[in-house]
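Visitor: From the sequence below, what's the structure:
(chains A and B)
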Amino acid sequence: MNGNATSFPDVVSMFHAECGEFIEITRAGALALQNGKADHETIVLMQRAVHSAKGGAGALGYLGLHYFAGALEDVLDAVRTGEIGISIDVTTIIATSVELLAAHIATAADQAPLPDDADMLIAIRTLLNRPEPDSTEDEFGFVAMPADLIDLDEGAHAPWRVSFTPSAADLTRGREPLLLLRELAFLGGDVLDPDLSALPSLDRINPRDGYIGWTVHMPADVPRAVIEECLDFVSPQAGILIERMAPIHSAQIATAGLPH
Amino acid sequence: MSAGKHILIVDDSPSMRTLLAMSLSAQGHQVDTAEDGVHGLERLPDVMPDLLFTDINMPRMDGFGLIEAVRAQTQFDDMPILVLSTESSPEKKERAFDAGASGWIVKPFDPDRLGAAIRRVCP
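Guide: Numbering: from 1, shown residues only, chains lettered A, B, ... in the order given. Here you go, the predicted model:
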């Protein structure tokens, strides 16, 4: 859930209790790192704690904590996978970040003002050789999605044509293409006749493979992102195609809207 | 449509389990929970869920291990498994799909999108 913490007081209490444990684990780990006594398991435990803090914070709307925990998690992940080695600089960044994480947790609990983590985020980006955030990102790293330019012109008045041919992978392990078609129809889609052109002769059919292609016409006002999300579980082998059909021109729309 | 499913949630964070359980119960589903992969695997034969939600990063047995262990049992071949994780790297998604996941949802989740995801895997 992505929401307001005040809506879930019991869950918030639970989360703050968990955060106490996360801080204990990460502080113990940072100390072990500084004393040269940290092993792989120490890093795994620290990363798991920070990961959980990030998840809970995101769900409850503590965005500063969510974002900073994500940055610290990236550092710990890089150490765990060997992408970066443990050095005095790395140890210092982790130890300082753990204290900033604790400060963010205190902020989430209304016990402290928002900490200034800007310098540390820059240090982390430098350490991990990550680019500066794009100017379209806000202070929490969320990107303002640019409007689909085609939606700003007359093409936006054209319905979508969506087609895909579920592969063998899309017919197993709880995946069922007909449920996806149902969901597209739920969004206003018109499921056309299936494309059977890839269907081989009976003696060459593998019953575990997928041969039937589907085309669905979706209303023009359904955002592309919604259609994409609907097909998010479909394998890349299915050849998903989402495209606008021939645009309806403004003049046609205006004419269509005139009373007879 | 897709209402009243029996769902097993596997997540090591009590607050996340509770939030997810609240959201799914509010949508009319029956919810059971487990605190990590080992516990989830133990609960599976008793719960016999219609759908399994799992986190990835968990102690004892992580989400990847859980998915592989579940798929190794033929009776759960077709049970939908949705990963619910703060992770979004393509490599981890691919690993989850290779292990047998049906879908992947990035936390934090939105109840409406969660409902739509369930409709896409549950009749």
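Visitor: name the element the residue in chain A that chain B sits nearest to belongs to?
Guide: Using C-beta to the nearest C-beta, the closest approach of chain A to chain B is made by A:Gly174 at 3.2 Å. Just so you know, the C-beta spots here come from the backbone N, C-alpha and C atoms, and that holds for glycine as well. Taking DSSP states H and E as the definition, one finds A:Gly174 inside no helix or strand.
Visitor: wait, doesn't it sit right on B:Val83?
Guide: No. If you go by C-beta atoms under 8 Å, A:Gly174 and B:Val83 don't touch, sitting 11.9 Å apart.
Visitor: Provide a list of residues in contact with A:Ala28.
Guide: Listed by C-beta atoms under 8 Å, 6 or more residues apart in numbering or on different chains, A:Ala28 has no contact partners.
Visitor: ugh, wrong one, I meant A:Ala246
Guide: A:Ala246 touches A:Ala158, counting by C-beta under 8 Å, 6+ apart.
Visitor: Relative to B:Ile118, how far out is it?
Guide: 35 Å (C-beta to C-beta, to the nearest Å).
Visitor: ok, now A:Leu179?
Guide: Using C-beta to C-beta, A:Leu179 is found at 10 Å from B:Ile118.
Visitor: Which of the two has more residues huddled nearby?
Guide: B:Ile118 (25 against 20; other C-beta atoms under 10 Å in any protein chain shown).
Visitor: mind listing what that one touches?
Guide: B:Ser2, B:Lys5, B:Gln27, B:His29, B:Leu51, B:Leu82.
Visitor: For those residues, pick the one with the most neighbours.
Guide: Neighbour counts for the contacts of B:Ile118, by other C-beta under 10 Å, peak at B:Leu82, which reaches 24 neighbours.
Visitor: Quickly find the element holding the spatially most central residue of chain B.
Guide: Centroid check for chain B by C-alpha atoms, centre = their mean gives B:Phe53 as the closest residue, at 0.9 Å. Applying DSSP H and E as the criterion places B:Phe53 in strand B:51-54.
Visitor: packing partners for that strand?
Guide: strand B:6-10, helix B:37-47, helix B:63-71, strand B:81-85 (3 or more C-beta pairs under 8 Å, 6 or more residues apart in numbering or on different chains; DSSP states H and E).
Visitor: isn't A:Glu73 right up against A:His51?
Guide: Yes. With contacts counted by C-beta under 8 Å, A:Glu73 reaches A:His51, the gap being 5.4 Å.
Visitor: Have a look at the chain and report its longest helix.
Guide: Since no chain was named, I'll use chain A. In chain A, assigned by DSSP state H, the helix with the most residues is helix A:9-34.
Visitor: um, chain B though
Guide: helix B:14-26.
Visitor: where does chain B dip in pLDDT?
Guide: Chain B contains residues with pLDDT under 70 at B:1-2.
Visitor: And the helices and strands packed on strand B:51-54: which comes nearest A:Val98?
Guide: Closest to A:Val98 of the helices and strands packed on strand B:51-54, according to C-beta to C-beta: strand B:81-85, at 22.6 Å.
Visitor: relative orientation of the longest helix of chain A and helix B:14-26 in degrees?
Guide: Put simply, helix A:9-34 runs at 150 degrees to helix B:14-26, going by axes from the mean of the first three to the mean of the last three C-alpha atoms, to 10 degrees.
Visitor: And the closest residue to chain A within chain B, how close does it get to B:Gly103?
Guide: Chain A sits closest to B:Pro80 of chain B, with a gap of 3.2 Å, by C-beta to the nearest C-beta. Applying C-beta to C-beta, the value for B:Pro80 to B:Gly103 is 7 Å.
Visitor: These two: which has the busier surroundings?
Guide: Each of B:Pro80 and B:Gly103 has its neighbours counted (other C-beta under 10 Å); B:Pro80 has more, 27 against 22.
Visitor: Now do the contacts for the more buried one.
Guide: A:Arg173, A:Gly174, A:Arg175, B:Asp50, B:Leu51, B:Leu52, B:Ser102, B:Gly103, B:Val121, B:Cys122.
Visitor: hmm, back to that, dihedrals phi and psi, the residue of chain B closest to chain A?
Guide: Torsion angles at B:Pro80 (phi, psi; degrees, to the nearest 10) stand at phi -60, psi 140.
Visitor: repeat for B:Ala72
Guide: phi -70, psi -10.
Visitor: does A:Val216 sit in a helix, a strand or a coil?
Guide: A:Val216 carries the three-state label strand when classified by DSSP: H, G, I helix; E, B strand; the rest coil.
Visitor: for A:Ile242, that is, sorry about that
Guide: Strictly by three-state DSSP, A:Ile242 counts as strand.
Visitor: hey, what's it bridged with?
Guide: Bridge pairing for A:Ile242 (DSSP bridges) gives the partners A:Val162.
Visitor: can I assume it is in contact with A:Arg224?
Guide: Yes. Using C-beta under 8 Å, A:Ile242 is in contact with A:Arg224, at 6.3 Å.
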